[in-house]
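> give me coordinates for this.
(2 chains)
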Amino acid sequence: MLLLDIGCTAAAADVDPDADLKAYRAYFKERFPHYGPEEFNLGMYNYNDDKRAQWEAIMEFPPFGMAVDRGEQLFNTPFNNGKTYAGCLDQGGIGIAHSYPRFDSKTGKVKTLSMEINDCRKKNGEKPLKLLKGDLTKILAYLAETSRGKPISITVPDDPRALAAYEDGKRNYFTRRGPWGFACFNCHWESAGKRIGPSELSPAMGQASNFPSYRSKWGAVGPIQRRYKGCMLNYGAKPPKVGGTSMNNLEYFHRRLSNGLPSNAPNNRP
Amino acid sequence: MANTVKMLAKLGDGVAVVKLLISHPMETGNRIDEKTNKKVPEHFIEVVDCQHNGETVLTAHLGASISKNPYLSFEITGAIKGDTVEISWVDNKGVSGSGKTKVK
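Got it, this is the predicted structure:
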């Protein structure tokens, strides 16, 4: 089922993320028959050779380099109690970013890597970090770098709460909002490859694999929820709370669309 | 103090292409701090001195119009693998920093 009408909620038994993904991949393969994983990740850079060449030059010595270095420093600095982030995370945090967000069976909710970091801080008597700017974004940049090339692997376990979270994210993705009634789907699915104003629209598959990303507009590395928020504000809609259940579910669904594509974060975008 | 400079010097076609990033706020003095409602004072890099094997090859005068975390790139002719490229910067407050790398 590609499109959900507003107000129609599927019962847990009807939710089939794997069937969805199969259908979505078929759709994007039909729309972009010559695209491989690399092309999907490139997004808008496929549409313009000059921009792509500029992107390649930038990626040789990217602006997020310092954020990754600083993130590594921050990640390895012990808390006041002597413990470290590595103590809280799978594999000490190295090479796990591509598998987030995850479903947390203890809380019954979607957990982003940002939440893992802040939970770790809380457990060790430290204050949480701001979600969209500052030190957390640098730590995320470093952790993402350790996952570079690994296939995005978002799992939706056979738990009714996970399926509900996935379905909530999916509904969010297809819901029209704001004065013009735009849903994420209208631009990045139906109109992928076309333009809105001067901006070229990248296909939904292959977007999330590039995050967290440096954006020239931000002058910094930011997580995908910063982009969700910004984009919604751009078209006059009120975004759900960053780090809230709704936004996390949206990230869960959207990132899963890029399953199998190599994580190419941090990246560089306008 | 944390390292403020990240550098890369790559040899290609008889020139070494040097790329560098400097971590610096580059405040123009006109930006209003949202919390205090006051102008954030000027704080920007004035001079960047670039040396090849100890000899100055480029002096860059930046200033307030260069944005945050400046990225600079320049080419050195006659460089060979293993040469040292070093940069040092100083800002309007007298704060300075430096970075060094070898040509690859």
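> any idea how far the residue nearest the centre of chain B lies from B:I87?
Nearest to the centroid of the C-alpha atoms of chain B, with distances taken as Cα atoms, centre = their mean, sits B:I22, at 4.9 Å. In this view, B:I22 and B:I87 are 8 Å apart by Cβ to Cβ, to the nearest Å. The way it works is simple: take the backbone N, C-alpha and C, and place the C-beta from them, glycine included.
> can you list residues touching both of the two?
The contact sets of B:I22 and B:I87 overlap at B:5, B:48, B:99 (Cβ atoms under 8 Å, 6 or more residues apart in numbering or on different chains).
> could you dump these to JSON lines with pLDDT, neighbour count and secondary structure?
Output for the shared contacts of B:I22 and B:I87, formatted as JSON lines (pLDDT from 0 to 100; neighbours: other Cβ atoms under 10 Å in any protein chain shown; DSSP: H, G, I helix; E, B strand; the rest coil):
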{"residue": "B:V5", "pLDDT": "95", "neighbour count": "20", "secondary structure": "strand"}
{"residue": "B:V48", "pLDDT": "97", "neighbour count": "23", "secondary structure": "strand"}
{"residue": "B:G99", "pLDDT": "95", "neighbour count": "18", "secondary structure": "strand"}
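> so where do the strands sit in the chain?
Just so you know, I chose chain A. A:102-104, A:109-111, A:195-196, A:199-200, A:213-215, A:220-222, A:267-269 (DSSP state E).
> try again with chain B
Under DSSP E, chain B gives strands at B:5-12, B:15-22, B:45-52, B:55-61, B:71-77, B:84-91, B:96-102.
> the inter-axis angle of the first one versus strand B:96-102?
What it means is strand B:5-12. Counting by axes from the mean of the first three to the mean of the last three Cα atoms, to 10 degrees, strand B:5-12 lies at 30 degrees to strand B:96-102.
> got it, and the fifth one?
Between strand B:71-77 and strand B:96-102, the angle comes out at 50 degrees (the same axes, to 10 degrees).
> buried stuff in strand B:71-77?
Within strand B:71-77, the residues scored as buried using 16 or more other Cβ atoms under 10 Å in any protein chain shown are B:71-72, B:74, B:76.
> now swap in the last one and tell me
Neighbour counts using 16+ other Cβ under 10 Å place B:97-99, B:101 of strand B:96-102 among the buried residues.
> sorry, back to before: report the beta-bridge partners for the residue nearest to the centre of chain B.
Here B:I22 sits in beta bridges with B:V5, going by DSSP bridges.
> using CSV, list the CA coordinates for stretch A:202-215.
Taking Å, rounded to 0.1, in the frame of the first residue of the first chain, the C-alpha atoms of stretch A:202-215 are listed here in CSV:
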residue,chain,number,x,y,z
SER,A,202,16.0,14.3,-4.4
PRO,A,203,14.2,10.9,-4.2
ALA,A,204,13.3,9.8,-0.7
MET,A,205,15.3,6.6,-1.1
GLY,A,206,18.9,7.7,-0.5
GLN,A,207,18.3,10.8,1.6
ALA,A,208,18.7,9.6,5.1
SER,A,209,21.9,7.6,4.3
ASN,A,210,23.7,11.0,4.1
PHE,A,211,22.8,12.2,7.6
PRO,A,212,24.0,13.6,9.9
SER,A,213,25.2,16.1,7.2
TYR,A,214,27.1,19.3,7.0
ARG,A,215,24.9,21.9,5.3
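> now that stretch: mean pLDDT?
Averaged across stretch A:202-215, pLDDT comes to 97.
> hmm, it touching chain B?
No - Stretch A:202-215 lies out of reach of chain B by Cβ under 8 Å from any Cβ of the partner chain, never closer than 10.3 Å.
> burial measure for B:N30, as a count.
When neighbours are defined as other Cβ atoms under 10 Å in any protein chain shown, B:N30 has 9 of them.
> which intervals of the chain have sub-threshold pLDDT?
As the question left the chain open, I've gone with chain A. By pLDDT under 70, the low-scoring segments of chain A are A:1-13.
> not what I meant, chain B
Scanning chain B for pLDDT under 70 picks out the ranges B:1-2.
> quick check, the residue in it closest to chain A?
When scored by Cβ to the nearest Cβ, chain B has B:K19 as its residue closest to chain A, at 4.1 Å.
> how much space is there between the nearest residue in space to A:P223 that is not next to it in sequence and B:I80?
Using Cβ to Cβ, 6 or more residues apart in numbering or on different chains and skipping residues adjacent in sequence, the residue nearest A:P223 is A:P212, 4.8 Å away. According to Cβ to Cβ, A:P212 and B:I80 sit 38 Å apart.
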